[in-house]
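Novice: 3D model of this:
(2 chains)
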There are 2 protein chains.
Amino acid sequence: MLNEKNVALGKVRSSIRELFEYGKKRKEEIGEENVFDFSLGNPSVPAPPEVAEALKDIIDNTDPVALHGYTSAQGDYSVRKSVADYFNARFSTALGADCIYMTCGAAASLTITLNAILNDGDEVITFAPYFPEYKVFTEHAGGKLIALPAVAGTFKPDIKALESALNPRVKAVLINSPNNPSGVVYGEEDIRAVAGVLGKYRKEHGSSVYLISDEPYRELVFDKSVKVPCIMNYYDDSVVLYSYSKSLSLPGERIGYIAVGDRVREREELYAGIMGAGRALGFVCAPALFQQLVKRIHGVTSDISVYKRNRDVLLKALESYGYTVVRPDGAFYMFVKSCEPSAVAFCERAKKYELLLVAGDDFGAEGYVRISYCVSPATIERSLPAFRALIESYK
Amino acid sequence: MLNEKNVALGKVRSSIRELFEYGKKRKEEIGEENVFDFSLGNPSVPAPPEVAEALKDIIDNTDPVALHGYTSAQGDYSVRKSVADYFNARFSTALGADCIYMTCGAAASLTITLNAILNDGDEVITFAPYFPEYKVFTEHAGGKLIALPAVAGTFKPDIKALESALNPRVKAVLINSPNNPSGVVYGEEDIRAVAGVLGKYRKEHGSSVYLISDEPYRELVFDKSVKVPCIMNYYDDSVVLYSYSKSLSLPGERIGYIAVGDRVREREELYAGIMGAGRALGFVCAPALFQQLVKRIHGVTSDISVYKRNRDVLLKALESYGYTVVRPDGAFYMFVKSCEPSAVAFCERAKKYELLLVAGDDFGAEGYVRISYCVSPATIERSLPAFRALIESYK
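Specialist: Purely as a prediction, here's the structure:
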């Protein structure tokens, strides 16, 4: 009688969540400091002090009727203008306020964009490893997610596979860099190659495939030499999805945006589709107080040096123990090769050492495990002997 | 190439929005005090001071990682527990925290609930006049909205029509009281009658029809004698949708909840469907800071005496000029009979007197206009001669 698909979806707790609940129980049993929980991608670093200061200042100095009232569906004009201005200054684009649509975070950016673009039976291409909700969101919008197999060793986009997968049903290519779960950053050459294939397809077939970049981890890169290229500079039909969840450690507040490229061929139509989808899905507007916060906080991030230190310590240690790790340049994830063919079995064995790792199978890449190193530096230090013992158990 | 339905939806500005934009322009031309804008349902009374105090206190005294972090998808446990406890104390129900699902406001409550319940081709019955987005939300969830014609003069549910409209495709009856646009409150006898029909249907057919009460205006009733009955006390398969937008004047902050009745026959299945629908639509969780606010602010409302005074002044004046008005017991809307057959033409003539009214056609009830009296008392006073002149122009 109910909607079977949504009932089933609500009943299946993701295996990540499952592991997190196991970890909670285990911590009660043997003490929090003895469980090394690398399961969740929840920022461990607090929001920067500027957030609390700005929130209180906005509350104290804004007329409450205006502050807490409905904004336009696409977001307050001055907020959108400030987002566009900041984006343009940083990425040399020419976005107007009418290219920006404020959302309740990255998930909302994704569902709204997919519902604007897809008709029943349309396809969306993504590259494994990929965030598992992409499938849920694409299917709810009536589409089908085509996940191209991971390129083991680099976890970069497989350009040849992309070329072969394109067909008239494909409406979008969805990328995620810095990547969850691999931490890999797609460089300029990767974006250029993806854009090249899509540009060629557009020239040959007349119709466009949107390139959608889901980049909540954009600010989480740790080395000066690593850049996250803005896709709009490489491909006209580009849409960037952003969220402040990770950069400002505000995942519960649900604030982000969709940026429609200024050179998108059907820009007004697409923006109208986004407006319509946001309305039909029930979003009304992004949270008003946090919209105002965004205006005051461009360029500010949490103290991401903690993540960099965690990465450096963990990467060096794991490599010295003999693990194969693809160097993660961003986000707070590390993708490590399983010591046996089944990553699921490997994760089970890791539990004996109180290490909670997520099998890559969930992300469409078997034989690897994800380590979410958004934990305290002390947890990293204490976990090292366990990682060493785990790999030694295979020798 | 894009999703035509959502593009079309995004392009059609609602006629209410259209009128609001006209009003903005007109105010620039002739001065704000000379335009009587009754178009929008945006609270005119500020949030109570407790809101700002609580928000700042929460920000100052909560660990930011915990405060701004992800909550469970259904909302923070302590928040849900507090909502259930408050609800139970007030309505003599027996809800647990696992009956409550925190949402990004009333629209989200509606889309999530409808997506949990409906399969393609299912029907939802509502009573005209009704909030126009019900159609958008129902159709996006794959369903069809059946709006039963308004009972002119009372705007109460048409029980006979409900009885005839029930069929195996009907999965829910959606009511809205206090009602937008009529301001009418469904009394105990109305709810009892609706529940009677649904209970009889359940007994005869074995299958249940959910009764869904969308009640963002629950706290906005102005007379001691008027009560908004809790549907859960009259019908087992009941779901209540609430939002703090109107009672606390926080429409831009997007915070509300779904309460699944403790006697719902398939309660766990329905709750799972709600979890799945929230996930598929991209909601992740309700804004975390405002979830914490909810816990501290049960029973508090904005100063609704302003709305009561507006209603009293306007109602008395309009009746004395000769208008036919259905007495509004709640919300901040008044439904007034048009002075000519076409309410659209009547609204056009009203504009000449700088009165911005919304034709009932948008709400599925022709021949009436909606007055949103959530405006300053001064606007009410200044508008009275215009209302008098308008009706006199028909004599």
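Novice: alpha carbons only for contacts and neighbour counts from here, please
Specialist: OK.
Novice: phi, psi for residue A:334 please.
Specialist: When read as degrees, to the nearest 10, the backbone of residue A:334 gives phi -130, psi 140.
Novice: beta-bridge partners for it, please?
Specialist: Here residue A:334 sits in beta bridges with residue A:371, as judged by DSSP bridges.
Novice: so it versus residue A:365, what's the distance?
Specialist: For residue A:334, the distance to residue A:365 equals 13 Å [Cα to Cα, to the nearest Å].
Novice: helices along chain A, start to end?
Specialist: Listed in chain order, the helices of chain A (DSSP state H) span A:4-11, A:15-30, A:49-61, A:64-68, A:77-91, A:105-117, A:133-140, A:159-165, A:188-205, A:267-281, A:288-296, A:305-321, A:343-352, A:377-392.
Novice: ranking those by burial, who's on top?
Specialist: helix A:105-117 (a mean of 27; mean count of other Cα atoms under 10 Å in any protein chain shown).
Novice: chain center to that one: distance?
Specialist: Distance of helix A:105-117 from its chain centroid, counting by Cα atoms, centre = their mean, to the nearest Å, is 13 Å.
Novice: same question, stretch A:66-79
Specialist: Relative to the chain's own centre, stretch A:66-79 is displaced by 25 Å; criterion: Cα atoms, centre = their mean.
Novice: dump it to PDB, keeping only the CA atoms.
Specialist: C-alpha atoms of stretch A:66-79 as PDB (Å, rounded to 0.1, in the frame of the first residue of the first chain):
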ATOM      1  CA  ALA A  66      13.300  40.400   7.500                       C
ATOM      2  CA  LEU A  67      15.900  38.000   8.900                       C
ATOM      3  CA  HIS A  68      13.700  35.000   9.500                       C
ATOM      4  CA  GLY A  69      11.200  35.700   6.700                       C
ATOM      5  CA  TYR A  70      10.900  33.800   3.400                       C
ATOM      6  CA  THR A  71      13.600  34.600   1.000                       C
ATOM      7  CA  SER A  72      13.000  34.300  -2.800                       C
ATOM      8  CA  ALA A  73      12.900  30.600  -3.700                       C
ATOM      9  CA  GLN A  74      16.300  30.900  -5.300                       C
ATOM     10  CA  GLY A  75      17.800  32.700  -2.300                       C
ATOM     11  CA  ASP A  76      18.200  36.200  -1.100                       C
ATOM     12  CA  TYR A  77      19.400  38.500  -3.900                       C
ATOM     13  CA  SER A  78      22.300  40.000  -2.000                       C
ATOM     14  CA  VAL A  79      23.500  36.600  -0.900                       C
END
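Novice: need the residues that contact that stretch.
Specialist: Stretch A:66-79 has contacts (Cα atoms under 8 Å, 6 or more residues apart in numbering or on different chains) with A:59, A:97, A:100-103, A:275, A:279, A:284-286, A:288-289, A:291-292, A:294-295, B:42-43, B:47, B:249-253.
Novice: any idea how far residue A:159 is from residue A:234?
Specialist: Residue A:234 is 15 Å from residue A:159, by Cα to Cα.
Novice: which one's more surrounded, residue A:334 and residue A:365?
Specialist: It is residue A:334, of residue A:334 and residue A:365, that has more neighbours when counted by other Cα atoms under 10 Å in any protein chain shown, with 27 against 22.
Novice: which residues does the more buried one contact?
Specialist: By Cα under 8 Å, 6+ apart, the contact list for residue A:334 reads A:181, A:182, A:183, A:311, A:325, A:326, A:327, A:328, A:370, A:371, A:372, A:373.
Novice: could you do residue A:207 as well?
Specialist: By Cα under 8 Å, 6+ apart, the contact set of residue A:207 is residue A:201.
Novice: could you report the pLDDT at it?
Specialist: Here the pLDDT value assigned to residue A:207 is 86.
Novice: give me phi/psi at it?
Specialist: According to degrees, to the nearest 10, residue A:207 has phi -110, psi 150.
Novice: quick check: residues of the stretch 251-395 of chain A near chain B?
Specialist: Residues of the stretch 251-395 of chain A found near chain B (Cα under 8 Å from any Cα of the partner chain) are A:251-254, A:269-277, A:279-289.
Novice: ok, now with 6 Å
Specialist: Applying Cα under 6 Å from any Cα of the partner chain, we find that the stretch 251-395 of chain A lies next to chain B at A:251-254, A:272-273, A:275-277, A:280, A:282, A:287-288.
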